[in-house]
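Visitor: My questions concern the predicted model and sequence given below.
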Amino acid sequence: MITKDGELIRISPKKSTTIEYSTTSGRSWHTRSSSTSYGEFYDLTDAGKELLANTSKGLYYSTTNGRSWHRRG
């Protein structure tokens with residue numbers, strides 16, 4: 001789980017292909033991205049202007065706080 005731009009962002013504990021966010025300090029969670037296109041998310045890292053995600057299909061980055069992902073490399 002990471003904190004970015006006033007939100008908590010995490011890999012869903014119930015479905016590893018889903019990224020969730022919270023604006024209520026974790027009291028409630030909402031789906032931000034849910035697609036098998038990226039594979040299973042293993043790890044999220046705040047890299048400044050980007051989020052980096054290590055997934056079962058490779059390294060992905062997002063410049064939209066996890067709304068959309070692009071393969072790195």
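Guide: That came in fine, so what should we check first? In this text the structure is predicted, and so the values were computed from the model without any measurement.
Visitor: count of residues packed around Y38?
Guide: By other C-beta atoms under 10 Å, the residues close to Y38 number 21. Any C-beta I mention is one placed from the backbone N, CA and C, and that applies to glycine too.
Visitor: And for L52?
Guide: Using other C-beta under 10 Å, the number of residues around L52 comes to 16.
Visitor: Tell me which residues touch the closest residue to it other than its chain neighbours, please.
Guide: Nearest non-adjacent residue to L52, counting by C-beta to C-beta, 6 or more residues apart in numbering: T45, 4.4 Å away. Contacts of T45 were listed using C-beta atoms under 8 Å, 6 or more residues apart in numbering, and they are 2, 51-54.
Visitor: Spatially, which two of the residues you listed are the most separated?
Guide: By the measure C-beta to C-beta, I2 and N54 form the most distant pair in these, at 13.0 Å.
Visitor: ok so, going back, give me the element the residue nearest to L52 is part of.
Guide: strand 41-46 (DSSP states H and E).
Visitor: what's the distance between the following helix or strand past that strand and the middle of its chain?
Guide: On the C-terminal side of strand 41-46, the nearest following helix or strand under DSSP H and E is strand 51-55. Distance, stretch centre to chain centre, for strand 51-55: 7 Å (C-alpha atoms, centre = their mean, to the nearest Å).
Visitor: Tell me the buried residues in strand 51-55?
Guide: Neighbour-count burial for strand 51-55 flags 51-53, 55 (criterion: 16 or more other C-beta atoms under 10 Å).
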